[in-house]
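Q: sharing a model prediction with you, sequence too.
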Amino acid sequence: NQVPVSILINGNGRTGEYIYTGVDAEITKHLKGKGGSFQLKKNKYFDRNNFKTNYEECIINEPGKTYRFRVIGAISQNFPLRLSIDDHKFTAIAMDSRNIEPVPDLTDLWLAAGERYDIVVQTKAKYKSFLPYMIRVFGYTNQHNHAAGSLCTIAWLLYPGQTIDYKHVTDSACTGFHPSSPLRTLNPVPNNYKAWNNRIKYPHLKNSSKTGDIFITDLRAKIQEPTIKTNLADTQYIEFDGNITFNGLRMTYPRVPFLLQNPADETDRCTTKTPANYSCQNVLQEPWAKDHWAEIVLVNKNDGAASHPIHQHGGWYWVVGEGQYDTNTKEFQNGINSTYIKHLDQCCTAKKNCLPRNFDNPPAKDTIQVPPGGYVIIRTHLDNNGTWIFHCHINYHVTIGMAMVLQVGELKRQDWSTGPLQRNVECETPPPPPRGGPTTIYWFYGMENAERCVTPGMTVTFNWVNKDHNVNTVPEADYDSCNVNNPTPYAGDCIWLAPMLDGSVPETYYFACGRHYNSTRSLGYHCHYGGMKAKIHVRSVCP
């Protein structure tokens with residue numbers, strides 16, 4: 001079950017008297033970053049008199065001194081979290097392990113999957129003598145509809161002499177987690193144009209009297225990168241759409257890792273001629289050039305999508321630009337796309353870099369939320385040779401192929417060392433492709449209809465985990481109409497053996513999930529609405 005039910009801090013926390021539950025269709029929306037509505041139900045394991053876990057305790061041994069907290073967004077799905085501390089403000093001094101000019105007097109900090117912040121808390125010399133202060137962590141179950149519900153938890157900020165209430169548990173309404181006073185909020189989820197337009201801009205961040213939201217583009221690094229204006233190649237524009245891809249392409253991986261290929265095997269690599277919604281090895285190759293930079297403009301269409309947190313391995317990128325558009329207006333009601341952004345970026349006299357860019361101490365990150373109906377401009381220093389994955393940090397999204405590889409340099413030029421690893425040697429286990437391999441079908445609600453070709457005697461594995469689905473062999477007519485009824489779920493895997501052929505005449509077999517059948521319409525819900533059906537051809541030779 002992938003419905004969010006609790007938040008843990010350093011592995012500690014509690015589920016309350018009520019927890020969320022939801023149907024497959026809403027869970028799939030949540031996983032895709034497109035909302036999802038859940039309902040509260042009684043938590044059968046809740047026992048107020050017999051808790052087996054406690055909340056995290058942050059102990060202040062020397063009141064009045066400053067304490068540094070490193071806050072890590074170890075989040076696996078589209079569930080950004082907001083942190084605040086009762087009756088305390090804090091200063092942000094670093095993000096994603098890179099120092100920034102301090103941003104003081106913050107009341108709130110948001111983190112998406114993969115993001116990290118270092119904050120400094122000025123503790124009190126004089127403090128209340130009874131209960132400790134609460135560090136509050138809070139998030140919405142639906143980023144598009146905050147009324148749909150929320151989750152929350154606490155940690156204790158414990159001063160000497162204070163007493164913890166070990167029977168405390170946060171309620172399902174998250175009482176006390178919705179402050180009404182003006183806030184100074186760092187890194188809010190960038191899906192609100194009004195907040196973006198009214199943000200606190202650089203250089204006014206240090207003015208504590210200014211309240212509002214502070215976005216990444218207005219932060220400044222402690223160190224200036226002297227060569228950051230040296231853009232070696234043409235700017236790349238990468239668009240995210242409702243199919244959860246980069247430019248409509250789903251990432252696949254080779255049997256020989258990119259790092260060990262000599263020469264590079266480009267047989268299955270994506271090209272400019274690769275059609276949309278295609279699975280291929282999406283590699284952006286740049287030379288190893290220590291004083292040069294690669295520039296990418298990340299474009300997030302506003303089609304009910306997530307604020308995708310895009311993460312780069314192998315180092316940082318520098319955020320030199322960011323923008324949002326008001327998708328409530330007629331002009332942008334259908335969102336934006338990379339064609340539009342590219343036009344804006346090339347419509348000035350210089351014919352390039354027309355969108356605003358800041359090269360004066362731009363901040364470095366390795367994970368950033370890209371606003372729906374907006375863009376982020378990043379520059380990566382081409383000084384770290386190798387092959388580095390670049391992906392959305394929402395687990396479901398990277399699993400189904402929202403990723404690419406940034407290759408800096410080439411092995412054949414000895415741009416990097418492979419150490420004791422042998423070159424051009426295949427991995428023992430082939431990497432899983434986003435839609436499953438030739439003999440694997442990822443079986444989940446919201447999938448695309450699967451089609452495979454196998455030879456007699458081969459096995460096909462329908463892969464899923466939780467006890468939510470089933471696999472049924474059906475006639476072609478029932479496959480087409482989704483007239484499939486089997487209410488009994490079981491946990492995967494399901495393995496099907498391709499039978500022998502009668503001569504050389506090929507056969508086709510049809511499969512569907514039979515869960516949630518509507519007898520009035522003779523329609524299987526999982527098959528029809530969830531795409532859970534597969535067509536397998538058995539042939540003497542597969543193309």
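A: Here it is on my side, so go on. Everything numeric in this text was worked out from a predicted model, so none of it was measured.

Q: for the lowest-mean-pLDDT helix or strand in the chain, packing partners?
A: Every helix and strand of the chain was ranked by mean pLDDT, DSSP states H and E. The lowest is helix 24-32, at a mean of 82. Judged by 3 or more CB pairs under 8 Å, 6 or more residues apart in numbering; DSSP states H and E, the packing partners of helix 24-32 are helix 395-399. Glycine gets a C-beta too; all of them are placed from N, C-alpha and C.

Q: need the next SSE after the helix it packs on, C-terminal direction.
A: strand 403-408 (DSSP states H and E).

Q: residues making contact with that following strand?
A: 238, 246, 249, 251, 258, 281-288, 294, 312, 314, 380, 382, 384-392, 415 (CB atoms under 8 Å, 6 or more residues apart in numbering).

Q: out of the residues you listed, which end up buried?
A: 238, 246, 249, 251, 258, 281-288, 294, 312, 380, 382, 384-392 (16 or more other CB atoms under 10 Å).

Q: for Val5, see how far away the residue minimising distance to the centre of the chain is.
A: In the chain, the centroid-proximal residue (CA atoms, centre = their mean) is Ile394; its distance is 2.2 Å. Going from Ile394 to Val5 by CB to CB, to the nearest Å gives 18 Å.

Q: send the alpha carbons of stretch 312-325 over as CSV?
A: Listed next in CSV are the C-alpha coordinates belonging to stretch 312-325 (Å, rounded to 0.1, in the frame of the first residue of the first chain):
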residue,chain,number,x,y,z
GLN,A,312,22.1,15.3,-10.6
HIS,A,313,24.7,12.8,-9.5
GLY,A,314,28.4,13.5,-9.6
GLY,A,315,28.4,17.1,-8.4
TRP,A,316,26.3,20.2,-8.5
TYR,A,317,24.7,22.5,-11.0
TRP,A,318,24.4,26.2,-10.5
VAL,A,319,20.9,27.8,-10.6
VAL,A,320,21.2,30.8,-12.9
GLY,A,321,17.6,31.4,-13.7
GLU,A,322,14.0,30.5,-12.8
GLY,A,323,10.6,31.7,-13.9
GLN,A,324,6.9,30.9,-13.5
TYR,A,325,3.8,31.9,-15.5
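
Q: for that stretch, which residues meet the burial criterion?
A: In stretch 312-325, counting by 16+ other CB under 10 Å, buried: 312, 316-325.

Q: dump those into CSV; add distance to Lys32, secondary structure and pLDDT as well.
A: As requested, the buried residues of stretch 312-325 are exported to CSV (distance: CB to CB, whole Å; DSSP: H, G, I helix; E, B strand; the rest coil; pLDDT from 0 to 100):
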residue, distance to Lys32, secondary structure, pLDDT
Gln312, 22, strand, 98
Trp316, 28, coil, 97
Tyr317, 25, strand, 97
Trp318, 30, strand, 98
Val319, 26, strand, 98
Val320, 30, strand, 97
Gly321, 27, strand, 97
Glu322, 24, strand, 97
Gly323, 24, strand, 95
Gln324, 21, strand, 94
Tyr325, 22, coil, 92
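
Q: what are the contacting residues of the helix or strand following the least confident helix or strand of the chain?
A: The helix or strand immediately downstream of helix 24-32 is strand 39-42, counting by DSSP H and E. With contact meaning CB under 8 Å, 6+ apart, strand 39-42 is reached by 17-22, 149, 172.

Q: what comes up buried for whichever helix or strand comes after strand 39-42?
A: Next helix or strand after strand 39-42 toward the C-terminus (DSSP H and E): strand 56-59. Residues 56, 58 are the ones in strand 56-59 that count as buried (16+ other CB under 10 Å).

Q: partner strands of strand 56-59, parallel or antiparallel?
A: Strand pairing for strand 56-59, using DSSP bridges, gives strand 150-158 (parallel).

Q: can you dump the C-alpha atoms of the partner strand in PDB for me?
A: C-alpha atoms of strand 150-158 as PDB (Å, rounded to 0.1, in the frame of the first residue of the first chain):
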ATOM      1  CA  SER A 150      -2.200  16.400   5.400                       C
ATOM      2  CA  LEU A 151       0.200  14.500   7.500                       C
ATOM      3  CA  CYS A 152       2.300  15.800  10.400                       C
ATOM      4  CA  THR A 153       4.800  14.800  13.100                       C
ATOM      5  CA  ILE A 154       7.000  16.400  15.600                       C
ATOM      6  CA  ALA A 155      10.400  16.100  17.300                       C
ATOM      7  CA  TRP A 156      11.000  17.500  20.800                       C
ATOM      8  CA  LEU A 157      13.400  20.500  21.200                       C
ATOM      9  CA  LEU A 158      14.300  19.700  24.800                       C
END
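
Q: roughly how far is it from the heart of the chain?
A: 23 Å (CA atoms, centre = their mean, to the nearest Å).

Q: start to end distance for stretch 71-88?
A: 16 Å (CA to CA, to the nearest Å).

Q: work out the gap between that stretch and the centre of the chain.
A: 15 Å.

Q: with stretch 452-471 instead?
A: Distance, centroid of stretch 452-471 to centroid of chain: 27 Å (CA atoms, centre = their mean).

Q: go on, stretch 489-503?
A: That offset, for stretch 489-503, works out to 34 Å (CA atoms, centre = their mean).

Q: and stretch 382-393, by the same measure?
A: 17 Å.

Q: and that stretch, average pLDDT?
A: For stretch 382-393, mean pLDDT rounds to 95.

Q: which of the contacts of strand 403-408 fall within strands?
A: 238, 249, 251, 283-286, 294, 312, 380, 386-392 (DSSP state E).

Q: helices along the protein, start to end?
A: For the chain, the helices defined by DSSP state H occupy 24-32, 193-197, 338-345, 395-399, 476-481, 525-528.

Q: looking at those helices, which one has the lowest mean pLDDT?
A: When I compare those, helix 24-32 is least confident, with a mean of 82.

Q: can I get the CA coordinates of that helix in PDB?
A: Provided in PDB are the C-alpha atoms of helix 24-32 (Å, rounded to 0.1, in the frame of the first residue of the first chain):
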ATOM      1  CA  ASP A  24      -5.900   2.300  -6.700                       C
ATOM      2  CA  ALA A  25      -6.900   5.100  -9.000                       C
ATOM      3  CA  GLU A  26      -6.200   7.800  -6.400                       C
ATOM      4  CA  ILE A  27      -2.900   6.100  -5.300                       C
ATOM      5  CA  THR A  28      -1.800   6.200  -9.000                       C
ATOM      6  CA  LYS A  29      -2.600   9.900  -9.200                       C
ATOM      7  CA  HIS A  30      -0.500  10.400  -6.100                       C
ATOM      8  CA  LEU A  31       2.400   8.400  -7.500                       C
ATOM      9  CA  LYS A  32       2.300  10.300 -10.700                       C
END
